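A.B. asks: got a predicted structure here, sequence first:
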There are 2 protein chains.
Amino acid sequence: MPASGQTPVPVVDVEAMDRNIAAMAATARRQGLALRPHAKTHKCVEIARRQVAAGAVGLTVATVGEAEVFVDAGVTDDVFIAYPLWVVGERARRLRALSERAAIRVAVDSAPGARQLAAAVAGATEVLVEIDSGHHRTGVNPGQAGEIARAASDAGLEVAGVFTFPGHGYAPTRPSQAAADEAAALQEAASSLTQAGIRPRVLSGGSTPTAGYTRDGLTELRPGVYVFGDAQQLELGTITTDEVALWVEATVVSARPGTIVLDAGSKVLGADQPAWISGGGRLLDRPGARITALSEHHATVTLGLEQPSPELGDTIRVIPNHVCTAVNLADQLHAVHSGGNYERWTVAARGANR
Amino acid sequence: MPASGQTPVPVVDVEAMDRNIAAMAATARRQGLALRPHAKTHKCVEIARRQVAAGAVGLTVATVGEAEVFVDAGVTDDVFIAYPLWVVGERARRLRALSERAAIRVAVDSAPGARQLAAAVAGATEVLVEIDSGHHRTGVNPGQAGEIARAASDAGLEVAGVFTFPGHGYAPTRPSQAAADEAAALQEAASSLTQAGIRPRVLSGGSTPTAGYTRDGLTELRPGVYVFGDAQQLELGTITTDEVALWVEATVVSARPGTIVLDAGSKVLGADQPAWISGGGRLLDRPGARITALSEHHATVTLGLEQPSPELGDTIRVIPNHVCTAVNLADQLHAVHSGGNYERWTVAARGANR
């Protein structure tokens, strides 16, 4: 375990994480789907290796920088950058260099973006057309997918298929509908490609909240958060407490009746707090407690009915709301194996936003 | 300027930053107060040096790790760790070692915390008693300050005085009242110390929103955000657009009528979004635009009336809501001098949460 007095520190329960990795691999196999986990969640070479060993066909990432980390570490030579990159200048040079070392797919969601990509990297990358299945962020309407695919193909790019991120599943009661939307949108987009004369080989979807829903219309799943779980997934009902594989160990530094303050703030937990969640993070061993205020180095916790109350100096395990942003704040994770021995895993792609 | 295609990137306007540093130094001088800027905002040695050169008496930090960075770089030998540390184990060893290289003050807000600190570091650090002036985070009621000071003194610690963080000034219309609360609470706490037989030399307050209010009852100001400004300060009315000295350069990666999506998400801007703020960040050159959704690598911007609309590939300057958490996500800042030449400043205390 981490040295005494060295809080706050993010800790990985390796055994729980390995169970999560195996369970998602089984979910994908059961549905006959390729699993391409999103590595933005963990950003760690050691964890990506375990995902690939469990059967992942490759990785999903959000940036060229993340792709470089995992390709250069030899984890995989098959990476999907699930982002509609605008590829110019130094980014073009890096993407060309990367595509000489690995098979790279990139997202496109506009004809100008596709032409820019084609001009920058010639035939070096495949593309997937991004479609909007209800999250309304990036991506075109499914019926427009063929038009974008045609523009990409005409510009000289190999179009592998379509993908979507059903982010509108991130609210209680919504994952089921989002999963249905995701499958329907992918099928409509695939038809649109076919009508445009392009055969879609890949229909890629799958966030952690929607991954477990069985439906037709996908060939690939891209969940990320499932490796660790977090307070959002707990409150969505996607996971149980037993599946939480990462927490931040924090110390009680101030206390008054009914309230404690921990030395884990937004600079270690992240500040993500969607309107539907019940606080700034959860306490693993105190389900009735809530983080009712979070600043950079303070989590103010309103205690529940659990007794006894924590005392000054006690160590408390805090589950971040959104583990992807929490991990991105840490240079290292303390990975604790069953039996208690631990090692430090470098968050190799931390801050790799470009 | 940063290389083409290398967004998102945090950029510092050094000339604007230097003006902010000079203006706060003048504010402190005019009030006859010592200025001890909070270095958690910038975490950069280059910037701390400029603050000290402009007359700062030393630095404020939140963690032992931050203090180590600035002391070891030779910026100052006078540091206040404005946090009620629970000092055991490795933290005790580090704090003792640090106090051999610099004059260190530490916060206390409980008798057990003071006794623990005294046991761990003997007479190596001075303390300030933290009081609650209305923010209700850490700190005791002002009338209890004497009791805590007495416990600290009895444990063998030198008590230098009292301090508070008026964080309840962080909402529109509240800074004025918070400044008054801060001064009144510090004076009450000072009286409490005097009654306990301890002479308070230091009465320390001052967030960026309250620093400009002239009032009696303080000897020291500890603002942090003023060096850069951010969207929170803009919306509080603490600063104008001309005083914004840090933004994130981002690229338009997706566009539809009335909406653009930028490649700057919460992993570069931070996710801080208090209920009173009008979005996830502001666009420096488009005051009518708002970030209406923010995910890890996407800022969805609802455009205002400004014409023409940005196009795919355009570079946009984004002001983070809370610059302290944005800086803590970056390994380096691109510091642009007047004239356009730039250098990279390492965020030396990034992630120094322990």
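C.D. replies: Noted; the coordinates are in hand.

A.B. asks: list phi and psi for the residue most central in space within chain A.
C.D. replies: With the centre of chain A defined as its mean C-alpha position, the nearest residue by C-alpha atoms, centre = their mean is A:Gly224, 3.3 Å away. When read as degrees, to the nearest 10, the backbone of A:Gly224 gives phi -120, psi -50.

A.B. asks: that one contacts A:Arg36, doesn't it?
C.D. replies: No - in terms of C-beta atoms under 8 Å, A:Gly224 does not count as a neighbour of A:Arg36; the distance is 10.2 Å. Glycine gets a C-beta too; all of them are placed from N, C-alpha and C.

A.B. asks: any common contacting residues for these two?
C.D. replies: Any residue near both A:Gly224 and A:Arg36 by C-beta atoms under 8 Å, 6 or more residues apart in numbering or on different chains counts here, and that gives A:Thr60.

A.B. asks: what does the stretch 251-354 of chain A put close to chain B?
C.D. replies: Residues of the stretch 251-354 of chain A lying close to chain B (C-beta under 8 Å from any C-beta of the partner chain) are A:251-255, A:261, A:263, A:266-268, A:270-273, A:293, A:295-298, A:300, A:312-313, A:322, A:324-325, A:328-331, A:351, A:353-354.

A.B. asks: I should have written the stretch 51-200 of chain A there, sorry.
C.D. replies: Taking C-beta under 8 Å from any C-beta as the test, the list of the stretch 51-200 of chain A residues beside chain B reads A:62-63, A:83-92, A:109-110, A:112-113, A:116, A:136-139, A:167.

A.B. asks: out of the residues you listed, which are inside strands?
C.D. replies: Secondary structure defined by DSSP state E assigns none of these to strands.

A.B. asks: return the subset of these lying in helices.
C.D. replies: Counting by DSSP state H, the part of those found in helices is A:89-92, A:112-113, A:116.

A.B. asks: what's the mean pLDDT across the longest helix seen in chain A?
C.D. replies: Counting by DSSP H, the longest helix found in chain A is helix A:175-195. For helix A:175-195, mean pLDDT is 96.

A.B. asks: what do you get for stretch A:95-110?
C.D. replies: 97.

A.B. asks: okay, it in CSV with CA atoms only?
C.D. replies: Listed next in CSV are the C-alpha coordinates belonging to stretch A:95-110 (Å, rounded to 0.1, in the frame of the first residue of the first chain):
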residue,chain,number,x,y,z
LEU,A,95,-0.4,11.0,-38.1
ARG,A,96,1.5,10.0,-41.2
ALA,A,97,4.4,8.8,-39.1
LEU,A,98,2.0,6.8,-36.8
SER,A,99,0.3,5.2,-39.8
GLU,A,100,3.6,3.7,-40.8
ARG,A,101,3.8,1.8,-37.5
ALA,A,102,0.2,0.8,-37.1
ALA,A,103,-3.2,0.4,-38.8
ILE,A,104,-5.0,3.7,-37.9
ARG,A,105,-8.6,4.5,-38.4
VAL,A,106,-9.8,8.1,-37.9
ALA,A,107,-13.3,9.6,-37.5
VAL,A,108,-14.8,12.0,-40.1
ASP,A,109,-18.1,13.9,-39.8
SER,A,110,-17.8,16.4,-42.7
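
A.B. asks: now that stretch, how far from the chain's geometric center?
C.D. replies: For stretch A:95-110, the separation from the chain centroid amounts to 19 Å (computed by C-alpha atoms, centre = their mean, to the nearest Å).

A.B. asks: same question for stretch A:22-42.
C.D. replies: Its chain's C-alpha centre and that of stretch A:22-42 lie 12 Å apart, by C-alpha atoms, centre = their mean.

A.B. asks: do it and chain B meet?
C.D. replies: Yes - against chain B, stretch A:22-42 shows contacts by C-beta under 8 Å from any C-beta at A:Lys40.

A.B. asks: just confirm A:Ala28 is within a strand.
C.D. replies: No - membership of A:Ala28 in a strand is not supported by DSSP: H, G, I helix; E, B strand; the rest coil, which gives helix.

A.B. asks: quick one: contacts for it?
C.D. replies: When contacts are counted by C-beta under 8 Å, 6+ apart, A:Ala28 touches A:34-35, A:55, A:211, A:221.

A.B. asks: which among the residues you listed count as buried?
C.D. replies: Restricting these to buried positions leaves A:34-35, A:211, A:221, with burial counted as 16 or more other C-beta atoms under 10 Å in any protein chain shown.

A.B. asks: confidence-wise, which of those comes last?
C.D. replies: The member of the buried ones among the contacts of A:Ala28 with the lowest pLDDT is A:Ala211, at 92.

A.B. asks: quick check: closest non-adjacent residue to that residue.
C.D. replies: Sequence neighbours aside, A:Pro223 is the residue nearest to A:Ala211 in space, at 4.5 Å (criterion: C-beta to C-beta, 6 or more residues apart in numbering or on different chains).

A.B. asks: just to confirm, which helix or strand has the one you found in it?
C.D. replies: For A:Pro223, there is no enclosing helix or strand under DSSP states H and E.

A.B. asks: tell me, how many residues neighbour it?
C.D. replies: Burial of A:Pro223, expressed as a neighbour count using other C-beta atoms under 10 Å in any protein chain shown, amounts to 24.

A.B. asks: other residues contacting stretch A:321-329?
C.D. replies: Stretch A:321-329 has contacts (C-beta under 8 Å, 6+ apart) with A:10, A:40-44, A:224-225, A:228-232, A:246, A:248, A:267-274, A:277, A:280-281, A:320, A:333, A:347, A:350-351, B:266-267, B:271, B:296, B:328-329, B:351, B:353.

A.B. asks: and the two most separated of the ones in helices among the residues of the stretch 51-200 of chain A next to chain B?
C.D. replies: Pairwise distances among those were taken by C-beta to C-beta; the largest, 19.7 Å, belongs to A:Glu90 and A:Pro112.

A.B. asks: before we move on, back to that, give me the buried subset of the contacts of stretch A:321-329.
C.D. replies: Taking 16+ other C-beta under 10 Å as the criterion, what is buried in the contacts of stretch A:321-329 is A:10, A:40-44, A:224-225, A:228-232, A:246, A:248, A:267-273, A:277, A:280-281, A:320, A:333, A:347, A:350-351, B:266-267, B:271, B:296, B:328-329, B:351, B:353.

A.B. asks: quick one: the helices in chain A?
C.D. replies: Counting by DSSP H, chain A has helices at residues A:14-30, A:45-53, A:64-72, A:89-99, A:111-121, A:145-154, A:175-195, A:231-236, A:266-269, A:323-327.

A.B. asks: and of those helices, who's closest to B:Arg49?
C.D. replies: helix A:266-269 (22.9 Å).

A.B. asks: so what does the biggest strand by length in chain A touch, helix or strand wise?
C.D. replies: Using DSSP E to assign secondary structure, the strand with the most residues in chain A is strand A:246-256. Using 3 or more C-beta pairs under 8 Å, 6 or more residues apart in numbering or on different chains; DSSP states H and E, the elements in contact with strand A:246-256 are strand A:9-13, strand A:259-262, strand A:315-319, helix A:323-327.
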